[in-house]
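J.: based on what follows, work out the 3D shape:
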Amino acid sequence: MTLHLLPNFLGPNQDPKFSLVPILDEVVNTLDGFFVETPKEARVYLKHFQFDILKEKPMVIVDKRTENFEEILEPLKNKENWGVIVDAGLPCLADPGSRLVAAARSQGIKIIAYPGPSSIFLALMLSGLDSQSFVFGGYLPRVIDPSIRKEKRTQVYIETPYNNMKSFEALLQILNDQDTLGIACDLLSPAQEVVVQSVKIWKKRIAFYEFHKRPAIFLIKIYA
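T.: Predicted structure coming up:
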């Protein structure tokens with residue numbers, strides 16, 4: 001009885017060599033069922049394996065509303081092996097799958113995680129900002145206020161793509177000119193773009209950038 005945490009692509013039309021370690025071919029095709037964030041996205045993922053067989057396997061949605069973990073983990077306690085498929089990146093990072101893993105661990109179920117892409121860590125690596133000490137803040141707050149400048153460590157945030165420009169414009173109003181703002185878009189795709197510069201320069205060049213509806217990570221470094 002094993003719960004397998006499966007890495008997914010960061011976006012459509014990405015090269016599997018950047019996202020799927022070879023052992024996944026062996027693992028995924030033998031699983032008995034899947035815990036998924038979105039069934040449609042999970043089926044897209046499974047098409048990279050033996051889809052004719054896997055499409056018949058059971059899928060159980062795990063999201064922020066899920067509560068009945070003991071019940072949905074019953075197949076694993078009966079010696080089955082299941083996988084966790086999120087819509088993008090790694091399970092459990094900014095994802096409700098972490099509660100599933102906690103429940104499985106409390107019930108003595110074996111858990112295996114596989115390496116794969118994380119937009120959070122890729123953006124931090126590509127930014128060149130201090131990563132000796134950083135904080136991941138989840139989604140940017142709907143109302144961004146000056147308190148964001150109290151954190152001196154590198155800050156990393158995710159955002160829903162349709163809110164990118166609204167948050168971007170709000171940050172330019174809140175941050176000081178000497179602060180650094182980084183935006184990493186469409187990571188691991190041909191359209192990948194990573195821009196890291198002072199707020200002062202962002203304000204001068206704002207007309208040159210368009211991040212609307214693009215998967216993006218925001219990075220902030222505050223300077224007193």
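
J.: next one, pLDDT for Val60 please.
T.: pLDDT recorded at Val60 is 95.

J.: also His212?
T.: 89.

J.: residues in contact with it?
T.: His212 makes contacts with 161-162, 164-165, as judged by Cβ atoms under 8 Å, 6 or more residues apart in numbering. Just so you know, the C-beta spots here come from the backbone N, C-alpha and C atoms, and that holds for glycine as well.

J.: so which residue is smack in the middle of the protein?
T.: Gly89 (4.7 Å; Cα atoms, centre = their mean).

J.: against Lys152, how distant is Val135?
T.: The spacing between Val135 and Lys152, counted by Cβ to Cβ, to the nearest Å, is 10 Å.

J.: got the domain ranges for this structure?
T.: Taking automatic domain parsing as the reference, the chain has its domains at 2-113, 119-221.

J.: check which helices and strands the helix or strand of the chain with the lowest mean pLDDT is in contact with.
T.: Within the chain, no helix or strand scores below helix 69-72, which has a mean of 89 by mean pLDDT, DSSP states H and E. Packing contacts for helix 69-72, counted by 3 or more Cβ pairs under 8 Å, 6 or more residues apart in numbering; DSSP states H and E, involve helix 97-106.

J.: quick one: contacts of the strand or helix carrying Lys200?
T.: For Lys200, the enclosing helix or strand under DSSP states H and E is helix 199-205. Residues outside helix 199-205 that contact it (Cβ under 8 Å, 6+ apart): 171-172, 175-181.

J.: in helices only, show me those.
T.: 171-172 (DSSP state H).

J.: distance between the ends of stretch 207-220?
T.: 20 Å (Cα to Cα, to the nearest Å).

J.: among the contacts of helix 199-205, who's most crowded?
T.: Using other Cβ atoms under 10 Å as the neighbour criterion, Leu175 leads these with 24 neighbours.

J.: now the helices for the chain?
T.: Going by DSSP H, the chain shows helices at 23-28, 39-46, 51-54, 69-72, 74-77, 97-106, 119-127, 164-174, 199-205.

J.: which of those comes out lowest on mean pLDDT?
T.: helix 69-72 - the lowest mean pLDDT of these, at a mean of 89.

J.: list the contacts of that one.
T.: 35, 60, 62, 66, 99-100, 103-104, 107.

J.: rerun at 7 Å
T.: 60, 99-100, 103 (Cβ atoms under 7 Å, 6 or more residues apart in numbering).

J.: and what of stretch 42-53?
T.: 8, 16, 20, 25, 28-29, 34, 36, 54-55, 59, 85.

J.: apply 10 Å and report the result again.
T.: The contact list for stretch 42-53 (Cβ atoms under 10 Å, 6 or more residues apart in numbering) reads 6-9, 12, 16, 19-20, 24-31, 34-36, 38, 54-55, 57, 59, 61, 83-88.

J.: now it, how far from the chain's geometric center?
T.: 20 Å (Cα atoms, centre = their mean, to the nearest Å).

J.: put the alpha carbons of it into CSV.
T.: Provided in CSV are the C-alpha atoms of stretch 42-53 (Å, rounded to 0.1, in the frame of the first residue of the first chain):
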residue,chain,number,x,y,z
ALA,A,42,-5.3,14.3,-14.9
ARG,A,43,-6.4,12.6,-18.1
VAL,A,44,-4.2,14.9,-20.1
TYR,A,45,-1.3,13.8,-17.9
LEU,A,46,-2.1,10.1,-18.2
LYS,A,47,-2.0,10.3,-22.0
HIS,A,48,1.8,10.3,-21.6
PHE,A,49,1.6,6.8,-20.3
GLN,A,50,-0.6,3.7,-21.2
PHE,A,51,-3.8,5.7,-21.4
ASP,A,52,-6.0,2.9,-22.8
ILE,A,53,-5.5,1.1,-19.5
